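S.K.: sharing a model that was predicted from the sequence below.
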Amino acid sequence: MIMKWFKQLLSDTSTLARSVPKLPEDWGSYLYQTDDNLPASNRLNLALHDLAPLAGMDQRTWITLKLRQPNEHGLTAPEEYPAICKIEDDIADALVARGAVMVGSVTGHGQFSLNFYSPDTQDYDKVIDGIMKTYNGYEYSCYSEADPEWEAYLRFLYPDAYEYQFIVNRKIWTQLEQQGNLHEVERAIDHWLHFPTADDAKAAASEAEGLGYTMLARTGFRRQRISPPTQHQPPQQHPAQRN
């Protein structure tokens with residue numbers, strides 16, 4: 001009887017894990033200021049943008065922890081970082097095994113939140129309570145709501161154009177570092193800019209030179225399309241990489 005129960009348990013868990021197809025991953029993070037001018041950080045799976053909303057994943061669940069030792073900006077301090085990572089791993093493993101998709105996290109105001117989408121949220125509160133009992137002393141809350149259009153992911157977690165550029169720049173920085181680049185060594189970096197009029201170009205060049213940039217060339221306007229130089233392709237960030 002015990003062996004039959006054990007086999008059934010393994011079968012049920014495997015079925016839950018297979019209920020969500022393998023999804024692409026491209027994790028990135030960025031900093032921003034909240035409406036009250038305090039810093040916050042979003043980390044998310046960027047690869048879900050073109051797939052969102054996923055069919056049947058109508059329920060959003062977010063779990064919020066109160067940080068024990070936030071730094072002076074309300075973000076995760078190095079001393080508490082390993083514990084937060086472990087809590088995230090435990091919660092993510094448990095909910096993903098039940099068919100959820102983790103889409104991202106938010107850190108700020110002395111709190112850390114995890115965000116998931118799933119077909120339903122049955123027993124999620126019990127699962128979270130069971131996990132958090134092993135982390136005595138952490139204040140936490142768990143909420144769920146219907147979000148069939150994934151507005152929380154698309155409109156809050158996902159970066160705007162400038163924030164996305166920050167993520168790309170950071171990935172390029174990491175790629176160069178992995179290739180042995182010494183960031184403290186000065187080197188020339190070229191920028192290619194287009195302007196609607198010659199006067200706009202001159203004004204921008206003058207302002208840039210005032211900031212210490214050197215203008216190498218300025219070409220006249222042509223009607224044909226001018227392709228910019230090839231850009232570096234940023235590396236894929238490992239999903240375990242956090243702020």
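M.R.: Structure's in. What do you need?
S.K.: this protein: helices as residue ranges?
M.R.: For the chain, the helices defined by DSSP state H cover 2-18, 81-96, 124-132, 151, 161-178, 198-210.
S.K.: any chance of these in JSON lines, plus mean pLDDT?
M.R.: Converted to JSON lines, those look like this (pLDDT from 0 to 100):
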{"stretch": "helix 2-18", "mean pLDDT": "36"}
{"stretch": "helix 81-96", "mean pLDDT": "97"}
{"stretch": "helix 124-132", "mean pLDDT": "96"}
{"stretch": "helix 151", "mean pLDDT": "98"}
{"stretch": "helix 161-178", "mean pLDDT": "90"}
{"stretch": "helix 198-210", "mean pLDDT": "89"}
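S.K.: looking at the ones you listed, spot the one closest to N37.
M.R.: helix 161-178 (16.5 Å; CB to CB). No exception for glycine: its C-beta is placed from N, CA and C like everyone else's.
S.K.: buried set for that closest one?
M.R.: Across helix 161-178, burial judged by 16 or more other CB atoms under 10 Å covers F166, I167, K171.
S.K.: which ones are touching the spatially closest residue to the first one that is not a sequence neighbour?
M.R.: The shortest distance from F166 to any residue that is not its chain neighbour, by CB to CB, 6 or more residues apart in numbering, is 4.8 Å, and that residue is Y30. Y30 makes contacts with S41, N42, P159, E163, Y164, F166, I167, R170, as judged by CB atoms under 8 Å, 6 or more residues apart in numbering.
S.K.: can you redo those residues as a markdown table with distance to A55?
M.R.: Formatted as a markdown table, the contacts of Y30 follow (distance: CB to CB, whole Å):
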| residue | distance to A55 |
| --- | --- |
| S41 | 30 |
| N42 | 25 |
| P159 | 24 |
| E163 | 28 |
| Y164 | 26 |
| F166 | 31 |
| I167 | 27 |
| R170 | 32 |
